[in-house]
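Q: A structural model of the following input is requested.
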Amino acid sequence: MLTCDAALHSDHPFAGLVQLSGNLLAQPVWSPLMPKRHGLPVFQSHGTLDDILPYVGAECLRDALSQAGLAVDWHGFRGGHEIPESVLRALSLFLRRVLAKS
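A: Modelled structure (predicted):
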């Protein structure tokens with residue numbers, strides 16, 4: 001969630017944004033800033049059984065980013081507050097793709 005906050009408050013031209021188990025914690029602050037990142041590729045993953053950060057919060061973040069025009073690559077998985085191998089593989093592909101464009 002720190003990366004989301006940093007990307008939204010910065011004018012730096014980031015190649016992409018990665019959200020692993022992130023939630024929409026600062027909606028009143030973040031939502032007005034999201035449109036300035038229109039088109040930014042976002043990789044987001046979250047476990048449906050996460051007992052630390054609710055899955056529904058991740059869905060809210062995904063939906064807010066998408067509605068603001070960011071290109072969200074969503075990876076929900078059956079699991080908790082973790083990063084499974086399948087997410088790491090998908091993240092690797094995402095990073096290769098966005099870094100090749102920058």
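
Q: so where do the helices sit in the protein?
A: With helices called from DSSP state H, the chain shows them at 2-9, 27-33, 55-67, 85-101.

Q: contact partners of the first one?
A: Under the criterion Cβ atoms under 8 Å, 6 or more residues apart in numbering, residues 14, 17-19, 22, 26, 30, 33-34, 36-37, 40, 61 lie in contact with helix 2-9. Where C-beta positions appear, they are placed from N, C-alpha and C, glycine not excepted.

Q: For it, buried residues please.
A: By neighbour count with 16 or more other Cβ atoms under 10 Å, helix 2-9 contains the buried residues Cys4, Ala7, Leu8.

Q: ditto for the third one
A: When neighbours are counted by 16+ other Cβ under 10 Å, the buried residues of helix 55-67 are found to be Tyr55, Gly57, Ala58, Glu59, Leu61, Arg62, Ala64, Leu65.

Q: returning to what we had before: out of the contacts of helix 2-9, which are buried?
A: For the contacts of helix 2-9, buried by 16+ other Cβ under 10 Å: Leu17, Val18, Gln19, Gly22, Trp30, Leu33, Met34, Arg37, Leu40, Leu61.

Q: and the gap between the fifth one and Arg96?
A: If you measure Trp30 against Arg96 using Cβ to Cβ, to the nearest Å, the figure is 27 Å.

Q: Just the CA atoms from stretch 32-46 would do, formatted as CSV, please.
A: Output in CSV follows, covering the C-alpha atoms of stretch 32-46 (Å, rounded to 0.1, in the frame of the first residue of the first chain):
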residue,chain,number,x,y,z
PRO,A,32,-8.9,11.9,-6.5
LEU,A,33,-5.3,11.2,-7.4
MET,A,34,-5.9,8.0,-9.4
PRO,A,35,-7.0,9.5,-12.7
LYS,A,36,-3.6,11.2,-13.2
ARG,A,37,-2.2,7.7,-13.5
HIS,A,38,-4.6,6.7,-16.3
GLY,A,39,-3.2,3.8,-18.3
LEU,A,40,-0.5,2.9,-15.7
PRO,A,41,-0.1,-0.9,-15.6
VAL,A,42,-0.9,-2.4,-12.2
PHE,A,43,-0.2,-5.9,-11.0
GLN,A,44,-2.4,-6.8,-8.0
SER,A,45,-2.8,-10.0,-6.1
HIS,A,46,-4.7,-11.0,-3.0
